[in-house]
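Engineer: Sequence plus the predicted model coming up.
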Amino acid sequence: MPGIEHANWVLGLLLAALLGPVYYFIRAARRGQSLFVRRIPGLDAVDDAMGRAVEMGRPMMFTTGLAGVGPVFFACLGILKHLVARAARFGCRMILAQNDPEVMAIAQSAMEETYRKAGRTDLYRPEDIIFLSTEQFAFASGYMGIAHREKVAACFLFGTFAAESLILAEAGQQAGAIQVAGTVSNEQIPFFITTCDYTIIGEELYATGAYLSRDPVQTGSLRGQDAGKLVILIIILAGVGLATVLSLDQGRLVQGFEVPLAKWLFGLYS
Amino acid sequence: MSEPGGRTFHERLMKVDRRLVYLFVLLALTVPLLSDFGMHPARMETAQMAFDTVEGLPAGDGKMAWLAMDWGPSTRAENEPQTQVVMEHLMRRRIPFCTFSITYQAEPFMNSLPEKVAADLNRENEAQGVAYRYEYGKDWCNIGYRPAATLFVRGLAKTKDVAGYIGVDARGTPVREIPCMSPVRTVRDFSLLAEFTGLVGAFQIWVQFFQTEDYVPKFIHGCTSITIPEAFIYLDSKQIQGLFEGVAGAAYYSKLIKGDRFDPVGHPDLATKFMMSLSLAHLVILGLIVVGNVGLWLQARAAKAKRGEGGRP
Amino acid sequence: MTDAWTFYTVFLGGVSTLAIYSFLYRENPFYRAFEHLYIGIATGLGMVTLLERWLWPKLLKPVLNVGAETYATPPQLVAQGADLTSAMPYNRWLLLYLVPVIFGLGYYTITSARYNWIARVVISFTLGYGGGLAFKGFFAEFIPQVVSSFKPLVVPNSLADSLNHVVFTATLVCVMTYFFFSFEHDKPGIRQASTSGRWLLMISFGAFFGATIMARMSLLIERLQFFIEQWFPNFQRLAGP
């Protein structure tokens, strides 16, 4: 396709196969069609952690880590709104530690709106939405300090994390908080598994956001992504099948771009 | 198994103060750094691949290597030795390179590290009576930090005039006036991309955008230990042709470039010292894991015995 | 002057490190003071970087036509060896830079109930161009990985390779199954694949965790190296002749 880098008609088709279902399901959800989202066990952990904070009468703390404005953040925003709505109902304080000024502005307005909808604007405290630093470890050190000083009872770490993840989770654990984490940063999941009470793994984060918020865009995207994953899985299985047949036929190892399917599909990348 | 004070052995074991654990680890890490004892690093297949890639680059063809130093003080421990050994290898092979970063925290290192490597090699040349002197502008160039990472890298790959696109180097000299950069026109004039970082996102920017439709430079990657498992995906798909697995990769690479001069036992270099320190700490951690598991096992056995004595609690 | 400067910077570097590590003992005022100092420095540095490395060279310098190697210089003049130190004729088209600036400033309307629709337009634009770049990135990054997963399940004359490829493909299918959210994982076959997917994920996280211990230790080693090679010798130099 002239003017479009790396494009051929097969990739165009693939793009349509990945994007088409997302568009279709978002429209369906917006029209009011109920889309099924599997309930993942982590959801119970979110409510349990919150219940504990309410029982103890101590604040909760939420962070989106290093997430910028993007899909991960919007999934987290769904979770945050759910938690804030419950916090408003039970009169529990929510502290939001922030690393990104753009994210902070959106989160701030979402929290205010949620408190207003719940009719508890008296509970909304702008000073509890704390901008710490854009620098990763300065943010982590600030988070540690708040967790200890405020003696938080529950910590929710949902978003994008890097090397500071263990510092954050360790701080929550030392403060005696019940912790639920969820991230798409694969390499940070092990730390959360070892230090948090429950960890939502990878894409489960999007499912959690969609399940709790029931936002048609999030639920529709999730269903559309499932369809996209199915397309990729079918391509992979077809490739594996073809590679096996060719290897048996030629008596040697045939893989990757040696498989005609790969050349036909993505020839430009070879 | 009760002991004075009323606590059993396994109870004491399970309640060891975590600060004691920190102390053990600290000692294990410090002792090798203070001593001058080193061991030969283990063979690292991935570092060997990186070495072969650099070794296979043609020298003197006017092409350069692009060193993306996307690291700062927080991952310096792992990324610095990796960057240093690649710089040394490139300088020894007289392949010019330029340093660049998408993180501003790399700035002091982009300045000091090549200077240090060049000074060491110049001293070595002097001792051996070799006239060649490694100099800024001739052997390397520091482009410095540039913001808007994705857009910058994408633009760099597409431009037909690299010097014009970059403008000036970190010292303010127009890139066109820097001798080693003068033959460079497009991304095709970079035969190698060596990227060092602890940030998966930074690495992915290079994988995704430092290429054209029909040209991808040879790519080697130095990662921190955290991201090793993820980096193997790119090695498997041949998107990278070599990998430094943390500081261990750097230690083995150092051995490869130094050849006979490499003497880790008598004169361990920085990477070797780091490796010694790491190895001892790993042994301590393994020991602590065993102790913790023994404690758990004893606890479970004691609980079972208690249930046997008094029935269900 | 230089020596004194080096002494104080190295000294302060060590004290800061000790202050932050003192948290390992317990939360304390020493840690707290340096925590705030650290946040303050990082914020200040961030602002300076924004001004010095972003706004100044990318916006103010070209728009105000400042400096020898101004961005306003047409490349053909540079190629002809134009004297960059003399003032260049001002390129008025550069004033167009102000359009995206004004558009970006619209982000700040987010706090206004009446005008926050402007911020939404800015956010939509940001997400839109991010999404566009992501498509290009997706194909460039993941397509080679999809293709590299075309591995034959039976490799003639190599049992090890065959086994390797079977494990690889089974892991891929099981883990992908685990991440389907549109249906319950209670049907035979799906349930087993999904459960195995979770187990396999846990094994991979174990590998991640092991690797990470090495990384954490490396960070600490770097600090120890700093103390051994710079901090303590700093005092020796002070005590020396």
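Structural biologist: Nice, I can see it. Numbering: from 1, shown residues only, chains lettered A, B, ... in the order given.
Engineer: Any regions of the chain where pLDDT drops low?
Structural biologist: I'll assume chain A. A:1-7, A:267-270 (pLDDT under 70).
Engineer: actually it's chain C I care about, not the one you picked
Structural biologist: Checking chain C against pLDDT under 70 turns up C:1-2, C:67-89, C:240-241.
Engineer: what about stretch A:156-167, start to end distance?
Structural biologist: In stretch A:156-167, first residue to last residue: 14 Å (CA to CA, to the nearest Å).
Engineer: and chain C, what are its domains?
Structural biologist: Listed by automatic domain parsing, the domain ranges of chain C are C:1-90, C:149-241.
Engineer: right, and those - which one's nearest chain B?
Structural biologist: The closest of these to chain B is domain C:149-241. By CB to the nearest CB, the value is 3.3 Å. Every residue, glycine included, has its C-beta placed from N, CA and C.
Engineer: Report the secondary structure state of residue B:143.
Structural biologist: strand (DSSP: H, G, I helix; E, B strand; the rest coil).
Engineer: That one and residue B:168, how far apart?
Structural biologist: 9 Å (CB to CB, to the nearest Å).
Engineer: Then residue C:55?
Structural biologist: Computed as CB to CB, the residue C:55 to residue B:168 distance reads 17 Å.
Engineer: Give me the more crowded residue out of those two.
Structural biologist: residue B:168 (20 against 14; other CB atoms under 10 Å in any protein chain shown).
Engineer: circling back: hey, what's in contact with both of residue B:143 and residue B:168?
Structural biologist: Jointly contacting residue B:143 and residue B:168 under the rule CB atoms under 8 Å, 6 or more residues apart in numbering or on different chains are residue B:175.
Engineer: Which residues of the stretch 51-200 of chain B lie near chain A?
Structural biologist: The stretch 51-200 of chain B comes close to chain A at residues B:74-75, B:198-200, as judged by CB under 8 Å from any CB of the partner chain.
Engineer: which stretch among the domains of chain C comes nearest residue B:246?
Structural biologist: Between residue B:246 and those, the shortest separation by CB to CB is 5.5 Å, and it involves domain C:149-241.
Engineer: Centre of the chain to the closest one, how far?
Structural biologist: Centroid displacement of domain C:149-241 relative to its chain, using CA atoms, centre = their mean, to the nearest Å, is 20 Å.
Engineer: got it, and stretch B:222-232?
Structural biologist: On CA atoms, centre = their mean, the centre of stretch B:222-232 falls 10 Å from the chain's centre.
Engineer: and what of stretch A:150-161?
Structural biologist: 14 Å.
Engineer: Please apply the same query to stretch A:35-51.
Structural biologist: For stretch A:35-51, the distance to the chain centre is 14 Å (CA atoms, centre = their mean).
Engineer: Could you do stretch A:115-134 as well?
Structural biologist: Remark: stretch A:115-134 is offset 22 Å from the chain centroid, using CA atoms, centre = their mean.
Engineer: repeat for stretch A:156-170
Structural biologist: With CA atoms, centre = their mean, you get 13 Å for stretch A:156-170.
Engineer: ditto for stretch B:257-273
Structural biologist: With CA atoms, centre = their mean, you get 17 Å for stretch B:257-273.
Engineer: Buried residues, it. List them.
Structural biologist: Buried residues in stretch B:257-273, counted by 16 or more other CB atoms under 10 Å in any protein chain shown: B:257-258, B:262, B:264, B:268-273.
Engineer: Make a markdown table from the residues you listed and add distance to residue B:297 and secondary structure to it.
Structural biologist: Putting the buried residues of stretch B:257-273 into a markdown table (distance: CB to CB, whole Å; DSSP: H, G, I helix; E, B strand; the rest coil) gives the following:
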| residue | distance to residue B:297 | secondary structure |
| --- | --- | --- |
| B:257 | 47 | helix |
| B:258 | 46 | helix |
| B:262 | 44 | coil |
| B:264 | 39 | coil |
| B:268 | 39 | coil |
| B:269 | 42 | coil |
| B:270 | 41 | helix |
| B:271 | 38 | helix |
| B:272 | 37 | helix |
| B:273 | 37 | helix |
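Engineer: How about the residues of the stretch 101-250 of chain B by chain C?
Structural biologist: Proximity of the stretch 101-250 of chain B to chain C (CB under 8 Å from any CB) is limited to residues B:104, B:145-148, B:150, B:154, B:161, B:164, B:167-168, B:172, B:174, B:176, B:198, B:204, B:207-209, B:211, B:224-229, B:233-234, B:236-239, B:246-248.
Engineer: for chain C, what spans make up the helices?
Structural biologist: Counting by DSSP state H, chain C has helices at residues C:2-21, C:29-49, C:61-64, C:75-79, C:98-105, C:116-148, C:159-178, C:190-226, C:232-239.
Engineer: what's the most buried one of the ones you listed?
Structural biologist: Each of the helices of chain C was scored by mean neighbour count; the highest is helix C:190-226, a mean of 18, by mean count of other CB atoms under 10 Å in any protein chain shown.
Engineer: now check that one, is it near chain A?
Structural biologist: Yes - judged by CB under 8 Å from any CB, helix C:190-226 and chain A are in contact via C:201-202, C:205-206, C:208-209, C:212, C:215-216, C:219.
Engineer: Show me what that helix is packed up against.
Structural biologist: With contacts taken as 3 or more CB pairs under 8 Å, 6 or more residues apart in numbering or on different chains; DSSP states H and E, helix C:190-226 sits against helix A:189-195, helix B:18-34, helix B:76-92, helix B:228-236, helix B:246-258, helix B:270-310, helix C:2-21, helix C:159-178.
Engineer: one more time with 7 Å, if that's ok
Structural biologist: Helices and strands touching helix C:190-226, by 3 or more CB pairs under 7 Å, 6 or more residues apart in numbering or on different chains; DSSP states H and E, are helix A:189-195, helix B:18-34, helix B:76-92, helix B:228-236, helix B:246-258, helix B:270-310, helix C:159-178.
Engineer: any residues touching the third one, and which ones?
Structural biologist: Right, the one you point to is helix B:76-92. The contact list for helix B:76-92, computed with CB atoms under 7 Å, 6 or more residues apart in numbering or on different chains, reads B:54, B:65, B:67, B:69, B:71, B:97, B:109, B:113-114, B:117-118, B:121, B:134, B:139, B:194, B:196-198, B:222, B:224-225, B:244, B:246-247, B:249-250, B:253-254, B:257, B:270-271, B:274, C:215, C:218-219, C:221-222.
Engineer: Okay, angle between it and helix B:270-310 too, please.
Structural biologist: Helix B:76-92 and helix B:270-310 meet at an angle of 150 degrees, taking axes from the mean of the first three to the mean of the last three CA atoms, to 10 degrees as the criterion.
Engineer: Show me where the stretch 101-250 of chain A has its strands.
Structural biologist: A:129-131, A:154-160, A:178-183, A:198-201 (DSSP state E, counting those that start in this stretch).
Engineer: With distance to residue B:29 and mean neighbour count added, can I get those in a markdown table?
Structural biologist: Converted to a markdown table, the strands of the stretch 101-250 of chain A look like this (distance: least, CB to CB, whole Å; neighbours: other CB atoms under 10 Å in any protein chain shown):
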| stretch | distance to residue B:29 | mean neighbour count |
| --- | --- | --- |
| strand A:129-131 | 34 | 18 |
| strand A:154-160 | 28 | 27 |
| strand A:178-183 | 28 | 28 |
| strand A:198-201 | 29 | 24 |
